[in-house]
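here is a sequence together with a model predicted from it:
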Amino acid sequence: MLNRKNAEDITKIKAREFLISMTPLKLFTIVVGILWVIFVDILILNVFASASPYFLISAGLHVLLTKVAIVIYYNQSVLIRRVDISDPIIATQEKIARLKSSTLWVARLLFLQLPLWTTFYLNDALLKSGNVVFYAIQAITTISFTFLAIWLFLNIKYENKEKKWFRLIFTGKEWSPLIKSMELLNQLNDYTATDTKEKTR
Amino acid sequence: MDLKRDAQTFLSVIESNKGIIYKVANSYCRDEENRKDLIQEIIVQLWLSFDRYDETYKLSTWMYRIALNVSISFYRKENRRGEINHPLPDAIIYLQDDPVEPDNDVERLHRFIKELKEIDRAVIILYLEENSQQEIADILGLTITNVSTKVSRIKQQLKQKFSN
């Protein structure tokens, strides 16, 4: 039987504070991301006068893309929490699944940084003293990373979710909500398509 | 009817509609421990939106919407244990459920329902609970014609499974 004690217990549950209600993994990801961005920003400011332009440009672009990824990730988490779950199922699930799928943007931005990891250590002295082998390895690495980054940026999208390489990248427990959200969007498309047809008749 | 929005009223609402919570949670969660978490999450979400309950809809419509939305979202996540932020006492979670008769066909039906995709499962749960097509449409946010089409399609799927 539910009694007065139960009533007291349930009234203790107030509207959830966003940060408290976030899963530890999400919170950890955001905190680590912010700490990393602060660290790189401080590093850039401290070495700005003496560092090579390769480092400054690489680190600057890296930190910029990471900041955008953090904002998208945080914003997505906030918007998911704001979805009214007392709304009808199809619309609510579509909203949640679309927001979850936007995690793909975070992955795209993080992959876009790939070539920057092949240029941040370069400087004039290294380039002047390098031999043919060094130039060849450097050029092949940077060009292939750039190609891969652009290709992934353009191809990591909902439409490619069934491709083998996509499944390979987004394998593991941390990506399963994303994959399931995309599968759910497929189901929802079936429902909303029929509904739209009927309404336009 | 003006429904009081206090904790006692809330508890009596869930006590008298506990079947909705149980049936939905059972259909979306096989594991007993996870199911306990799911039931808890549904009750918490019902309580958090109790103030915003729109009395133009039936209480059962509101409860089904929340129970199904929470269950479908919950189903997407894995390893839920330990993620519950507001543990509730067992007395609230373990609302006495109606005993299920050990019938072979009923058991098979339940198993087949659990094999359906999440949204199809929601449609058939609502249908089997004898909700009107209008209420199913309100809960899902679809037209009545669409509901009727989907119910027929899913019934056909289930018939096929039974005949195999």
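Structure received.

low-confidence ranges in the chain?
Using chain A here. Under the criterion pLDDT under 70, the flagged ranges of chain A are A:1-23, A:195-201.

nope, chain B
Checking chain B against pLDDT under 70 turns up B:1, B:76-103.

please enumerate the strands of it.
Applying DSSP state E to chain B gives no strands.

grab the most central residue of chain B for me.
Nearest to the mean C-alpha position of chain B, by C-alpha atoms, centre = their mean, lies B:Val24 at 2.6 Å.

what's the spacing between that residue and B:Ile39?
With distances taken as C-beta to C-beta, to the nearest Å, B:Val24 is found 9 Å from B:Ile39. To be clear about C-beta, it is placed using only N, CA and C from the backbone, and glycine gets the same treatment.

mind naming the longest helix for chain B?
Using DSSP state H to define each element, chain B has its longest helix at helix B:144-163.

excluding chain neighbours, give the residue nearest to B:Arg108 in space.
B:Phe162 (7.0 Å; C-beta to C-beta, 6 or more residues apart in numbering or on different chains).

any idea how many residues pack against the one you found?
B:Phe162: 11 surrounding residues under other C-beta atoms under 10 Å in any protein chain shown.

ok, it - contacts?
B:Arg108, B:Leu109, B:Phe112 (C-beta atoms under 8 Å, 6 or more residues apart in numbering or on different chains).

equivalent analysis for B:Glu135, please.
With C-beta under 8 Å, 6+ apart, B:Glu135 has these contacts: B:Lys58, B:Ser60, B:Thr61, B:Leu126.

go again with 7 Å.
B:Lys58, B:Thr61 (C-beta atoms under 7 Å, 6 or more residues apart in numbering or on different chains).

likewise for B:Arg30?
When contacts are counted by C-beta under 7 Å, 6+ apart, B:Arg30 touches B:Lys114.

which helices and strands does the helix ranked longest in chain A pack with?
The longest helix of chain A (DSSP H) is helix A:53-82. Applying 3 or more C-beta pairs under 7 Å, 6 or more residues apart in numbering or on different chains; DSSP states H and E, we find helix A:53-82 packed against helix A:18-21, helix A:24-47, helix A:89-101, helix A:103-112.

most packed of those?
Across the helices and strands packed on helix A:53-82, the average number of neighbours (mean count of other C-beta atoms under 10 Å in any protein chain shown) peaks for helix A:89-101, which reaches a mean of 21.

for the longest helix of chain B, output the C-alpha coordinates as CSV.
As requested, the backbone C-alpha atoms of helix B:144-163 are provided in CSV (Å, rounded to 0.1, in the frame of the first residue of the first chain):
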residue,chain,number,x,y,z
ILE,B,144,-7.0,7.1,-36.7
THR,B,145,-6.6,5.7,-40.2
ASN,B,146,-2.9,5.3,-39.8
VAL,B,147,-3.4,3.6,-36.4
SER,B,148,-5.9,1.2,-38.0
THR,B,149,-3.5,0.4,-40.9
LYS,B,150,-0.6,-0.3,-38.5
VAL,B,151,-2.7,-2.4,-36.2
SER,B,152,-3.8,-4.6,-39.1
ARG,B,153,-0.3,-4.9,-40.3
ILE,B,154,1.1,-5.9,-36.9
LYS,B,155,-1.8,-8.4,-36.3
GLN,B,156,-0.9,-10.0,-39.6
GLN,B,157,2.8,-10.2,-38.5
LEU,B,158,1.8,-11.9,-35.3
LYS,B,159,-0.6,-14.3,-37.0
GLN,B,160,2.3,-15.4,-39.3
LYS,B,161,4.5,-16.0,-36.2
PHE,B,162,1.8,-18.1,-34.6
SER,B,163,1.3,-20.2,-37.8
